[in-house]
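Asks: Predicted model, plus sequence, below.
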Amino acid sequence: MTSPVGGIDPHQDTFTVGVVDRHGVEITHEAFANTAAGYGEAIDLLDAHGVERVGVEGSAKWGAHVAIALAAAGFDAREVPASRSAAQRRSRRLDKTDAVDAVSSARALLAEPTLGPVQALEAYDPLVAKIEAVLEHRRTLVAARTLMLHHVADQIAKLPAEIRDQLTADGKIEGRLRRLEHIDPDIDTTPAGAYRLGWLQAFIDHDRAARREVRRLERLIDELLDQHGTTLRDEPGVGPIAAATLVCEVGDPARFDRESKFARWCGTGAVALSSGEGNKDPVKHRLDFRGNRRINSVLHIASVTQQRTQPDAAAYLARKTAEGKTRREARRAHKRQLANRVIRRMWRDEKHRQQHPPLAA
């Protein structure tokens, strides 16, 4: 007999636990504080009802800590995508409340037991969680610096002619910004022009510090990947940032038992779009517009790089084009091939790490 299944709908301050029986009928629901004490109370509730499997919506965000607590307590904790729980709610035409969402998460896991494990990386590997923390820090700094440089470009365009004439109009914005260092701040100009020149010159040192910090984080990521033991950087076109993105987004690669599942997850697997084929294979497919877009982007960049630097990749793409595929279709085929190679590498790496655990970070 299938034991009851739990579902959790987490928020910043509270999380709600719902429990359903093997038929999807609600047994109970209860809200707890999103604190260590609340996790213990929720575990007691789940134990009291004989729950072994728990679906957590948003286990990489507000549900991260409760997911870690569940995994540590021995529960089979799975990530429930918001779309799955929403589908359960809509199919029953229910209101949207925390209790309904928690019960819907449990029903989603009951309907699809093969959902992947929770995405809280601390529950999988503390070293991978540290890589993710550093990667997110770098990503934030790069995004903030990019935003500021867009603003700098706008401000340089508004400088008076007597200042702009001393700058070249071409080249990257960083180079144009650096050339402002050599302009006399006491140059005779408008009050607005003097103010813009002053803060732009002051910003140069801040930008240099931001670039130094980004480079430091990139070196740290490289070191952490060495500790992890991944071989992803051996794949042409996959550098440290791409490898770290793959390691953190995938988490435990064992959650994909087939290459096709990984390809579908990252949006490189074609989606069947056919009718009337009966028992035969589908005769028509379309591009998958869903999937993990970060990983899809990593594979796209790797494909473009390999076409430029690897004769085998260039020959493969040329052959696909000669077979009648468009350049985009050939690129998609190569990305699927890359996805297969990537997940195979990650399976081998994980097996090696199980046999030879890395040093603690």
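Replies: Arrived safely. Fair warning: this is a prediction, and the values are worked out from it, not measured in the lab. Residues are numbered from 1 along each chain as shown.
Asks: pretty sure Y124 contacts D252?
Replies: Yes: with contact defined as Cβ atoms under 8 Å, Y124 counts as touching D252 (5.1 Å). Placement of C-beta: from N, CA and C, glycine included.
Asks: any shared contact partners between these two?
Replies: By Cβ atoms under 8 Å, 6 or more residues apart in numbering, Y124 and D252 have these common neighbours: P117.
Asks: which helices and strands does the host helix or strand of E249 pack with?
Replies: Secondary structure assigned from DSSP states H and E places E249 in helix 240-250. Helix 240-250 is packed against helix 126-157, helix 191-228, helix 293-309, helix 327-355, with contacts defined by 3 or more Cβ pairs under 8 Å, 6 or more residues apart in numbering; DSSP states H and E.
Asks: May I see those helices organised as JSON lines, with mean neighbour count, mean pLDDT and distance to A33 added?
Replies: Output for those, formatted as JSON lines (neighbours: other Cβ atoms under 10 Å; pLDDT from 0 to 100; distance: least, Cβ to Cβ, whole Å):
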{"stretch": "helix 126-157", "mean neighbour count": "15", "mean pLDDT": "94", "distance to A33": "24"}
{"stretch": "helix 191-228", "mean neighbour count": "15", "mean pLDDT": "94", "distance to A33": "34"}
{"stretch": "helix 293-309", "mean neighbour count": "18", "mean pLDDT": "95", "distance to A33": "33"}
{"stretch": "helix 327-355", "mean neighbour count": "17", "mean pLDDT": "93", "distance to A33": "36"}
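Asks: Next, format the ones you listed as a markdown table and append distance to P113.
Replies: Below are the helices and strands packed on helix 240-250 laid out as a markdown table (distance: least, Cβ to Cβ, whole Å):
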| stretch | distance to P113 |
| --- | --- |
| helix 126-157 | 25 |
| helix 191-228 | 30 |
| helix 293-309 | 24 |
| helix 327-355 | 22 |
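Asks: Let me know which of these is the nearest to A315.
Replies: Set against A315 and scored by Cβ to Cβ, these come closest in helix 293-309, at 9.8 Å.
Asks: dump the residue contacts of the closest residue to E132 other than its chain neighbours.
Replies: Take E132 and drop its neighbours on the chain: the residue closest to it by Cβ to Cβ, 6 or more residues apart in numbering is C248, 4.1 Å away. Counting by Cβ under 8 Å, 6+ apart, C248 touches 121, 128, 131-132, 135.
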